[in-house]
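Asks: Quick one, structure for this:
(one chain, ligands or ions: 2)
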Amino acid sequence: MEHKLDLQPLALPGLELKRPIIIAGPCSAETEEQTLETARQLAAQGVKIFRAGIWKPRTRPGAFEGVGTVGLPWLKKVKEETGMFVSVEVANAHHVYEALKFGVDMLWIGARTTANPFAVQEVADALTGVDKPVLIKNPVNPDLELWIGAIERVNRAGVKMIGAIHRGFSTYDKTKYRNNPEWQIPIELRRRIPELPIITDPSHISGKSEMIAEISQEAMDLNFNGLIIESHMCPEKAWSDASQQVTPQHLGEIKQNLVVRRSAI
Ligand code: PEP
Ligand code: MN
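Replies: Ligands and ions are numbered 1, 2, ... in the order given. Presented below is the predicted three-dimensional model:
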């Protein structure tokens, strides 16, 4: 049974979120300099919404788990210096409170969090009544109901500006993708909730910088609403997801070459 969602179009103050919505920035904020310099270069490519992971959910312990709250003032500087809007991943109530305290404009729930209804509910409760866009990544496993359940939990907390991020699905099979796109799943999500914007994450789908352009185009050809792409000023030195990040210049080329034919459904 479908529950009626109470959604509003995504909006940021003074910025109309038109298709294609482009969000770009490093997998992780690493240092103040890397965050600011990457942001400056992306702003020069016409990017208006910056992403950077502050708290990083890593598969295995011992990897870089994000700089944490110390990185939030860097994002504030990104806003002040470049005029871009900033977005971060939140995985618990503490992340939500900290991000909102530092004026983060847009939040997203990561794939590992979406897979856990208790964690989603905690984030949703912390977001009660928040009038900012919240994007919800698909769960790591190909479970559309779990994805919709997370969207419902956040919407029931009074958040109306919700978008979905399609970042592909884990598989044990060896494929050319890091996470199998299973395009039929976001297509079915759109059929079920037509007013929900869907943003494709070619970085986590492909795992490879050289595949970003083709997956971005596929997403546009399928009439999805936007892209979230990892971009780092020096991808080979990135502390997380080095192989899938593109330079801001490469991002600019991908953006320029995108053919956006139809308007969003
Ligand atoms: C990310 O966006 O850097 C991230 C951790 O992605 P996902 O939740 O899709 O794995
Ligand atoms: Mn990443």
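
Asks: For ligand 1, see how far away the residue nearest the centre of the chain is.
Replies: The residue lying closest to the centre of the chain (Cα atoms, centre = their mean) is residue 228, at 5.3 Å. Residue 228 sits 7 Å away from ligand 1, going by Cβ to the nearest ligand atom, to the nearest Å. C-beta here means a position set from N, CA and C on the backbone, and glycine is covered the same way.

Asks: residues in contact with residue 140?
Replies: If a contact means Cβ atoms under 8 Å, 6 or more residues apart in numbering, then residue 140 has 111, 112, 114, 115, 169, 170, 179 as its contacts.

Asks: Report the secondary structure state of the nearest residue to the fifth one once chain neighbours are set aside.
Replies: Leaving aside its chain neighbours, residue 169 sits nearest to residue 142 (4.1 Å; criterion: Cβ to Cβ, 6 or more residues apart in numbering). Recorded secondary structure, residue 142: coil (DSSP: H, G, I helix; E, B strand; the rest coil).

Asks: Touching, residue 142 and residue 183? I think so.
Replies: No: if you go by Cβ atoms under 8 Å, residue 142 and residue 183 don't touch, sitting 11.3 Å apart.

Asks: For the stretch 151-265 of the chain, which residue gets nearest to ligand 1?
Replies: Residue nearest to ligand 1 within the stretch 151-265 of the chain: residue 167 (3.8 Å; Cβ to the nearest ligand atom).

Asks: In space, what's closest to residue 183 - neighbours in sequence excluded?
Replies: Nearest residue to residue 183, sequence neighbours excluded (Cβ to Cβ, 6+ apart): residue 222, at 6.4 Å.

Asks: For the one you found, grab the count of nearby residues.
Replies: 16 (other Cβ atoms under 10 Å).

Asks: Same question for residue 85.
Replies: Number of residues near residue 85 (other Cβ under 10 Å) recorded here: 25.

Asks: cool, residue 219 as well?
Replies: Using other Cβ under 10 Å, residue 219 has 25 other residues around it.

Asks: coming back round to it: which residues sit in contact with the residue of the stretch 151-265 of the chain closest to ligand 1?
Replies: 111, 137, 138, 179, 201, 204, 205 are the contacts of residue 167 under Cβ under 8 Å, 6+ apart.

Asks: and ligand 1, which of those residues contact it?
Replies: 111, 137, 204 (Cβ under 6 Å from any ligand atom).

Asks: Got the confidence number for residue 4?
Replies: Residue 4 carries a pLDDT score of 88 in this model.

Asks: Over to residue 44?
Replies: As summarised for this prediction, residue 44 has a pLDDT of 98.

Asks: Going forward, count from 633.
Replies: Will do, 633 is the new start, and the previous item becomes residue 676.

Asks: just wondering, since we're on it, how far is it from ligand 1?
Replies: Distance of residue 676 to ligand 1, computed by Cβ to the nearest ligand atom: 23 Å.
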